[in-house]
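> Below are the sequence and a predicted model for it; my questions follow.
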Amino acid sequence: MHDKAKAMVLASFAADALSLGVHWIYNTNVIDKKWGRVQSYFKPERPTFHPTKDLGEFTHYGDQTLVLLKSVAESSGFEKFKFAEKWQHFFKSYAGYFDRATKATIENIRAGKELTEAGSDSDEFAGAARIAPLAYRYRNDLTNLIASARAQAAVTHNNQGVIDCAEFFGRVVFYVLRGEKPTTAITSTVAQRFNHEPFKTWVADGKKSVAKDTRQAMLDLGQQCEIPQAFPGVIHLIAKYEDNLKEGLVENAMAGGDSAGRGLTVGMVLGAHLGLDAIPPNWLSDLKAYPKIVDLMDQIDQKMGD
């Protein structure tokens with residue numbers, strides 16, 4: 001399980017880095033014309049959303065996931081206040097993109113709300129997508145994994161739907177790490193805890209779209225950031241590429257829209273399922289934060305006694 005847990009974290013970060021240059025480009029013809037097939041990292045060009053970033057770096061989603069990983073490593077686990085504190089400090093000097101949820105959370109803090117109660121009401125999927133560090137720390141503790149996944153989402157996305165999504169994929173990846181196939185873990189998670197709307201429909205729509213070309217599926221389901229669109233898109237990608245992590249993450253990037261948000265979760269689940277060998281070597285060697293990520297996972301392991 002340990003190697004697959006590491007792959008889970010690394011594949012999640014790699015997916016974000018792979019999407020960096022084409023993130024939020026909704027016209028897939030533009031992706032084809034300017035970059036061709038996105039199979040490796042590249043430096044974003046203006047007028048894309050992340051022009052301050054370099055090849056192998058992260059979107060603001062990946063950056064927040066790394067803040068969470070650092071917080072977990074330093075605290076020997078998840079502490080909501082410490083994560084919120086590190087998150088606020090990080091954005092005080094951030095040179096990257098500030099999305100709606102980040103801006104609203106910062107405004108709430110400035111207005112006097114407590115750090116742990118200042119989360120925006122955003123329904124964007126990204127707040128649920130950055131949980132791989134928590135799945136790593138609590139890979140043997142479902143109760144704390146779920147509690148921490150929900151709590152971290154609320155720090156920036158105090159929206160019940162996003163919080164529930166964080167729990168959903170926390171449960172899925174927990175069971176995948178125990179050897180369940182991702183599609184089986186999704187089905188059992190629905191049956192056990194989410195046998196209600198809108199999750200039943202989101203999962204069903206994602207699974208039904210597997211026969212479609214991924215670009216068409218994303219157009220039909222929605223390329224947007226919000227959970228009603230992103231959630232079934234993630235289900236499509238996990239189910240369609242269950243045994244091919246590279247193809248799944250490439251097709252995710254090529255499908256446009258909020259590829260980074262989807263990718264964080266798809267990479268996490270498929271990495272947990274397929275392990276380190278499924279990640280292209282250049283996706284690791286070209287990942288700027290790779291040494292730091294490995295070091296932080298090692299710190300977590302030492303404190304866990306692994």
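Right, received. Where do you want to start? Residues are numbered from 1 along each chain as shown.
> Not counting its neighbours along the chain, what's nearest the residue nearest the centre of the chain?
Within the chain, the residue whose C-alpha comes closest to the C-alpha centroid is Leu264; the distance, by C-alpha atoms, centre = their mean, is 2.6 Å. Spatial nearest neighbour of Leu264, excluding adjacent residues (C-beta to C-beta, 6 or more residues apart in numbering): Ala129 at 4.0 Å. C-beta coordinates here come from the backbone N, C-alpha and C atoms, glycine included.
> can you pull the contacts of that neighbour?
61, 65, 169, 261-262, 264-265 (C-beta atoms under 8 Å, 6 or more residues apart in numbering).
> Helices - which of those residues land there?
Where those overlap with helices, as defined by DSSP state H, the overlap consists of 61, 65, 169, 261-262, 264-265.
> what's the spacing between the residue nearest to Leu264 and Gly233?
Counting by C-beta to C-beta, to the nearest Å, the gap between Ala129 and Gly233 amounts to 12 Å.
> intersection of neighbour lists for the two?
Shared contacts of Ala129 and Gly233, defined by C-beta under 8 Å, 6+ apart, comprise Arg262.
> Quick one: residues in contact with stretch 269-278.
The list of residues contacting stretch 269-278 from outside it, by C-beta under 8 Å, 6+ apart, reads 3-12, 135, 169, 172-173, 176-177, 181-182, 238, 241-246, 248-249, 279.
> so who does the residue lying closest to Lys181 once chain neighbours are set aside touch?
Nearest residue to Lys181 in three dimensions, chain neighbours excluded: Glu242, at 6.5 Å (C-beta to C-beta, 6+ apart). Counting by C-beta under 8 Å, 6+ apart, Glu242 touches 181-183, 270, 273.
> Going by distance to Asn108, which of those residues wins?
Using C-beta to C-beta, the shortest approach to Asn108 within the contacts of Glu242 belongs to Leu270, at 34.6 Å.
> any idea of the mean pLDDT for the one helix or strand that closest one maps to?
Secondary structure assigned from DSSP states H and E places Leu270 in helix 259-274. This predicted structure assigns helix 259-274 an average pLDDT of 98.
> again with stretch 229-242
Predicted confidence along stretch 229-242 averages 98 (mean pLDDT).
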